[in-house]
Every structure is written in C-alpha cells, then in structure tokens.
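Trainee: Sequence first, then the predicted structure, then my questions.
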Amino acid sequence: PRVLRDESQIAWLIDELAREELIVEEWLPKARYRGLPYDLRVIVIHGQVQHVIGRANSSPFTNLNLDASRLPRDVIEAELGNAWPELEQLCALAANCLPGANMLG
C-alpha cells in the first residue's frame, strides 16, 4: 500500500478503478493481536462453524498468500474470550441469510 497525495494521481486511480465497476466501502479498523491487525476466515457448513483461522499482518492486507501469519482457532478463542459464542452465533445467522447456501466462508 502507498499513500497518494497528488490530486491528479488520485483522480487517475479512481478513474481506472471505476472502469472495473469499483465498490467503495468504509474502512473499518481491524482487531489487533500482539500489535498486528488481524481478521478471521470462518467456514460455516450447514449453519455450524467448522473451521476458523486468524490472519495477521503488519500491512492492511491479511491474505495468507500475502505473507500474513496464521492464528490458530484456539488462539482466536482465547483472544475473544466470552465473545467467542457470540461470534459463532453471528456466523450462523449470516449463513441463514443466504437460503440454500450450505457452505459459507
């Protein structure tokens, strides 16, 4: 990632992305584990959480193929503490919003 400050560079980038039917979303800061931002990859099958992996990286991109570190499920459960059951429930609710989708990631 880099920071663009020049208006013409920013305009060029937006124009190029718009050609690809860009979607703009509000940036939400990620949770942190030992100072690194992380997110979760959760796999829900038939309404039940079956697989969870945390992905932490010093950059905003937490994809494992972009050198992010794996955080095992037990580390995530310990980090979330009492919020873990709520996370599982939220994932099940999200899966139920897509009728017929037996698998969701």
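Mentor: Cool, the structure landed.
Trainee: need the strands for the chain, in chain order.
Mentor: Secondary structure of the chain (DSSP state E): strands at 31-33, 36-45, 48-56, 69-71, 103-104.
Trainee: Now do the third one, average pLDDT.
Mentor: Per-residue pLDDT over strand 48-56 has a mean of 94.
Trainee: got the angle between it and strand 36-45?
Mentor: Angle between the axes of strand 48-56 and strand 36-45 is 160 degrees (criterion: axes from the mean of the first three to the mean of the last three Cα atoms, to 10 degrees).
Trainee: what are the pairing partners of strand 48-56, and which direction each?
Mentor: If you go by DSSP bridges, strand 48-56 pairs up with strand 36-45 (antiparallel), strand 69-71 (antiparallel).
Trainee: and Leu22, what is it in contact with?
Mentor: Ile14 (Cβ atoms under 8 Å, 6 or more residues apart in numbering). Every residue, glycine included, has its C-beta placed from N, CA and C.
Trainee: Phi and psi next, for it.
Mentor: phi -60, psi 150 (degrees, to the nearest 10).
Trainee: what about it, distance to Pro85?
Mentor: 37 Å (Cβ to Cβ, to the nearest Å).
Trainee: Tell me where this structure has helices.
Mentor: Under the criterion DSSP state H, the chain contains helices at 7-19, 73-80, 84-96.
Trainee: would you list these in JSON lines and tack on mean neighbour count, mean pLDDT and distance to Val49?
Mentor: As requested, the helices of the chain are exported to JSON lines (neighbours: other Cβ atoms under 10 Å; pLDDT from 0 to 100; distance: least, Cβ to Cβ, whole Å):
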{"stretch": "helix 7-19", "mean neighbour count": "10", "mean pLDDT": "93", "distance to Val49": "34"}
{"stretch": "helix 73-80", "mean neighbour count": "15", "mean pLDDT": "93", "distance to Val49": "9"}
{"stretch": "helix 84-96", "mean neighbour count": "14", "mean pLDDT": "92", "distance to Val49": "5"}
